[in-house]
Each structure stands twice: as structure tokens, then as C-alpha cells.
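> Build me a structure from this.
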Amino acid sequence: TAGMLFEVLYAMNMMKISLDDLQLLCFDNLEALQLNWPGISYIRMPLHQIGERMLDAVRQRLILKERAPKTDEIYHSEIIDGE
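So this is what the prediction gives:
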């Protein structure tokens, strides 16, 4: 979460570690948080698509109970380099 990112940045600042010394990779979409800091990369995932699929799976589970099909899905993600 963004809160964790700020905690890491705060700790780095306290230890006098700069983003030039350490590369951060987070799962938060920094564009959505309106953050664009050099040195912080993130993984962009199709959250809307994942959320829709999860709702479908929950609906099936509620209706079909144990007969609901199990799913194992892979979604395209990409690393956005925070140069």
C-alpha cells in the first residue's frame, strides 16, 4: 500500500539511504496515486479485470457451492520502471 511505501521512504531517509543507492519495486500503481518518483518502480496489474473475475467466482461459489469450478488464472502484468 501507499502507506507502506511512505514508511520505507521515511526509514530510508532516517538511515540516509537515497533512491540512487536502492531500487524500490512496489505493487501500488503509482500513477493512480499521482506519484512519480525516480527510483521507484511498480508492477501494473489489470485490477479491474481481476476484480470482475473475482466477483464472478464468488457468485458461482454462492450459487453452485462445492460444484463451483476451481480456477487458476494468469493475468498480464508489467513492471513500470521508475527511472
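
> remind me, longest helix of this structure?
If you go by DSSP state H, the chain has its longest helix at helix 47-64.

> First-to-last residue distance for stretch 38-46?
23 Å (Cα to Cα, to the nearest Å).

> tell me which residues in the helix or strand bottoming out on mean pLDDT in the chain are buried?
When each helix and strand of the chain is scored by mean pLDDT, DSSP states H and E, strand 24-26 comes last, with a mean of 81. Residues residue 26 are the ones in strand 24-26 that count as buried (16 or more other Cβ atoms under 10 Å). In this view, the C-beta of every residue, glycine as well, is placed from N, C-alpha and C.

> Same check on stretch 40-56?
40, 42, 44.

> Name the residues that touch that stretch?
5, 19, 23-30, 71, 73, 75-82 (Cβ atoms under 8 Å, 6 or more residues apart in numbering).

> Tell me which of these fall in helices.
Those of the contacts of stretch 40-56 lying in helices (DSSP H): residue 5.

> Would you mind listing the residues in contact with the residue nearest the centre of the chain?
Central residue of the chain (Cα atoms, centre = their mean): residue 27, 2.6 Å from the mean position. Residue 27 makes contacts with 42, 43, 45, as judged by Cβ under 8 Å, 6+ apart.

> So what pairs up with residue 44 in the strands?
Per DSSP bridges, the residues bridged to residue 44 are residue 78.
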